[in-house]
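**Student:** Based on what follows, work out the 3D shape:
(2 chains)
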Amino acid sequence: DAGITQSPRYKITETGRQVTLMCHQTWSHSYMFWYRQDLGHGLRLIYYSAAADITDKGEVPDGYVVSRSKTENFPLTLESATRSQTSVYFCASRAGWQGDQPQHFGDGTRLSIL
Amino acid sequence: QKEVEQNSGPLSVPEGAIASLNCTYSDRGSQSFFWYRQYSGKSPELIMSIYSNGDKEDGRFTAQLNKASQYVSLLIRDSQPSDSATYLCAVISSGNQFYFGTGTSLTVIP
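**Tutor:** Down below sits the predicted model:
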């Protein structure tokens, strides 16, 4: 059982390029999240989704686009990458919006923008 | 004021000692609390959840919750070098929003 998988695990690209990070979960969890983690900032929420075709902004959405056409997939796109978007990106999912449901994380994507 | 506050550390304890990690939160209506462990270069991994005041034990780990003081802690007994990691406190607020602390770095010295 894969749970939640992210791809690629590592990515190097150049400023101005479009980059898409993939996230796939096999649990049929309703909620999915994208975070970035930088030294000194902890986890910062970029976008989240409550269900297919429902997405909402988090704390740091600028420069990112998400979509969720299927429950199991939640890709994150950097439309024109900038060096400040160099970070480790984590996808997470949560079974429901009930108050006791934890989040579970994928292995992360380490993104470097030159 | 941040929703969840943790001392960033680093916290160093000798092998076999008790490590005590602390977390405070601002939303008095918060109901669910979690501890995640994150090894360097890895993703956060859920290790404990607690919902009621008091202690909850799981092996060498004990989570403690005091809602009146808005305080959550994690105790690790008989600390091992393999416990060296960053520990993230997470809180679900009264509005069902998930908030993470910035984490406390723990080093267990052999």
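**Student:** Right, and chain B sits closest to which residue of chain A?
**Tutor:** residue A:42 (3.5 Å; CB to the nearest CB). Bear in mind the C-beta positions are built from the backbone N, C-alpha and C, glycine included.
**Student:** Looks like that residue contacts residue B:102 (just checking).
**Tutor:** Yes: using CB atoms under 8 Å, residue A:42 makes contact with residue B:102 at a distance of 3.5 Å.
**Student:** any shared contact partners between these two?
**Tutor:** residue B:88 (CB atoms under 8 Å, 6 or more residues apart in numbering or on different chains).
**Student:** Need phi/psi at the residue of chain A closest to chain B.
**Tutor:** Torsion angles at residue A:42 (phi, psi; degrees, to the nearest 10) stand at phi 70, psi -160.
**Student:** What residues does it make contact with?
**Tutor:** B:88, B:100, B:101, B:102, B:103.
**Student:** and the least confident helix or strand in chain B by mean pLDDT, which strands flank it?
**Tutor:** Here the helix or strand of chain B ranked lowest by mean pLDDT, DSSP states H and E is strand B:98-100, holding a mean of 90. Strand B:98-100 pairs in its sheet with strand B:85-92 (antiparallel), by DSSP bridges.
**Student:** Can you show me the CA trace of the strand it pairs with as PDB?
**Tutor:** Output of strand B:85-92 as PDB, limited to C-alpha atoms (Å, rounded to 0.1, in the frame of the first residue of the first chain):
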ATOM      1  CA  ALA B  85      15.100  14.300  15.100                       C
ATOM      2  CA  THR B  86      12.900  17.400  14.900                       C
ATOM      3  CA  TYR B  87       9.600  17.100  16.700                       C
ATOM      4  CA  LEU B  88       6.600  19.000  15.300                       C
ATOM      5  CA  CYS B  89       3.600  19.900  17.400                       C
ATOM      6  CA  ALA B  90       0.300  20.200  15.500                       C
ATOM      7  CA  VAL B  91      -3.000  21.500  16.600                       C
ATOM      8  CA  ILE B  92      -6.500  21.500  15.100                       C
END
